[in-house]
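> model the following, please.
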Amino acid sequence: MQDWALSIALDNPADARPVPLKPEPLTAGQVRLRMERFALTANNITYATFGRAMRYWDFFPGADGRGRLPVWGIATVCESEHPEVPAGSRWYGYLPAASQWVMTPGDVSARGWTDVAEHRQPLPPVYNRYLPAEPQPLATEQARMVLQPLYITAFLLDQVVADPVQPWAGAQTLSTSASSKTAIAMAHCLAQRDDVTHIGLTSARNVAFVEGLGLYDRVVAYDALTDLDAGTPSVIVDFAGDASLNRQLHSHLTGGLQANIRVGGAHWMASAPPKDLPPPKPTFFFAPDHVLRLNKAWGRETFEARYGAAWQAFATWAVGAFSFEDQQGVDAVDATYQRLIKGDVSPHAAMTLVPAGE
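Numbers count the residues shown, from 1 in each chain. Predicted coordinates:
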């Protein structure tokens, strides 16, 4: 299969398969990007799970009426009809899990460009921006692809969870799917604070891994949730999106639970909201809204400086926490996606894929 895209049913993330991709001729102002390498994590399963609700499927529409999975990675312009974005230039950003794609650069500067294709105009601008990708050591590029896209969510969650004006100010934080990389990144942020108690909730098989990170004040297995003090004020940060787990937590913590912030759908097969869930009602966390809010509150330069410093600290720490894996070819992409769907990936693994190759 020369050119391909991962095609996914709009309402069933498990129904996924590579399909041939016929290259479209370029028109004036367009470029063809050939994917060089991209990451696959549980974060991508969240994109597929909430593809309709959060419009993730709208970024890269498929000709077959199915979804194209958004990923973060690096691509090279292999063909250009745009005078300011030449063939051979290299870019980092939000891409489809495919071998190539056509985009329409606009607002081009030394700092990057925006895909101004008509269908992307109503979508969050943060996903439409492409940044220069000067060659870096492979490990540096892998960390950027795997961890930086989810780190912005973690950084923003840290600001919300620890915000002293929120109704849950002073409450302990309970993170579901504590072994997921976004949860770990948020735990790294919260660990820098002295005024937040953070408890990681995870499966029994991952308890040792999560404890070994040294980021959580306490780790509790899902089968021991009743060990949590029901009367202690708490806020849930829900990376799992598991209906049964949410019901258990809400029922056990009645009276002490202040809020449930839903972030992801790592447990995608059980992600349908439970009926008659004891209060409070979960609220969905949408990172782009908080980027805009903090940019307004702090100013763009301050936001970028704080975020940049926090990211560098986490990236340095992460080198010793994760094992970066690199695989090649469409079959490897398909197999890795299916492993993520089945939950058959070690939390220690950080995976990048090269679309071309055997």
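
> in the longest helix anywhere in the chain, what's buried?
Ranked by residue count under DSSP state H, the longest helix found in the chain is helix 138-161. If you call a residue buried by 16 or more other Cβ atoms under 10 Å, then helix 138-161 has these buried ones: 141-161. For glycine as for every other residue, the C-beta is placed from the backbone atoms N, C-alpha and C.

> tell me which element the spatially most central residue of the chain is part of?
By Cα atoms, centre = their mean, the mean C-alpha position of the chain lies nearest to residue 43, the distance being 3.6 Å. Using DSSP states H and E, residue 43 sits within helix 42-49.

> which residues does the following helix or strand past that helix contact?
Downstream of helix 42-49, the first helix or strand assigned by DSSP H and E is strand 67-68. If you take Cβ atoms under 8 Å, 6 or more residues apart in numbering as the criterion, strand 67-68 is touched by 5-10, 48, 51, 56-57, 59-62, 96-98.

> avg pLDDT for stretch 12-20?
Stretch 12-20 shows an average pLDDT of 96 in the prediction.

> sorry, back to before: any idea of the angle the longest helix of the chain forms with helix 42-49?
Using axes from the mean of the first three to the mean of the last three Cα atoms, to 10 degrees, one finds that helix 138-161 and helix 42-49 are set 60 degrees apart in direction.

> chain center to helix 138-161: distance?
The chain centre lies 8 Å from the centre of helix 138-161; the measure is Cα atoms, centre = their mean, to the nearest Å.

> again, but for stretch 135-143
19 Å.

> contacting residues around that stretch?
Outside stretch 135-143, the residues that touch it by Cβ under 8 Å, 6+ apart are 37, 39, 74, 90, 133, 144, 315, 318-319, 324, 326, 350, 352.

> next one: stretch 293-307
So stretch 293-307 is contacted by 152, 155-156, 159, 291 (Cβ under 8 Å, 6+ apart).

> and it, what's buried?
294, 303, 307.

> average pLDDT across it?
Average pLDDT, stretch 293-307: 94.

> so what's the residue lying closest to residue 206 once chain neighbours are set aside scoring on pLDDT?
Nearest non-adjacent residue to residue 206, counting by Cβ to Cβ, 6 or more residues apart in numbering: residue 179, 4.2 Å away. Reading off the confidence values, residue 179 has pLDDT 94.

> tell me the contacts of residue 179?
Residue 179 sits next to 200, 202-203, 206, 209-210, 347 when contact means Cβ under 8 Å, 6+ apart.

> give me the below-cutoff pLDDT ranges for the chain.
Judged by pLDDT under 70, the chain has its weakly predicted residues at 1, 264-274, 357-358.

> what residue spans form the domains of this protein?
4-135+322-354, 147-289 (automatic domain parsing).

> how far does the first one stretch from one end to the other?
Between the opening and closing residues of domain 4-135+322-354 we find a distance of 13 Å, counting by Cα to Cα, to the nearest Å.

> and the helices in the protein?
Using DSSP H, helices in the chain cover 42-49, 138-161, 181-190, 207-213, 243-252, 287-298, 300-318, 330-342.

> of all these, which one is nearest residue 107?
helix 300-318 (15.5 Å; Cβ to Cβ).

> and the angle from the closest one to helix 287-298?
Computed by the same axes, to 10 degrees, the angle between helix 300-318 and helix 287-298 is 120 degrees.

> what angle separates helix 300-318 from helix 181-190?
Going by the same axes, to 10 degrees, helix 300-318 is angled at 110 degrees with respect to helix 181-190.

> start the count at 50, not 1, going forward
From this message on, residue numbering opens at 50, which makes the last subject helix 349-367.

> from the chain's centre, how far out does helix 349-367 sit?
17 Å.
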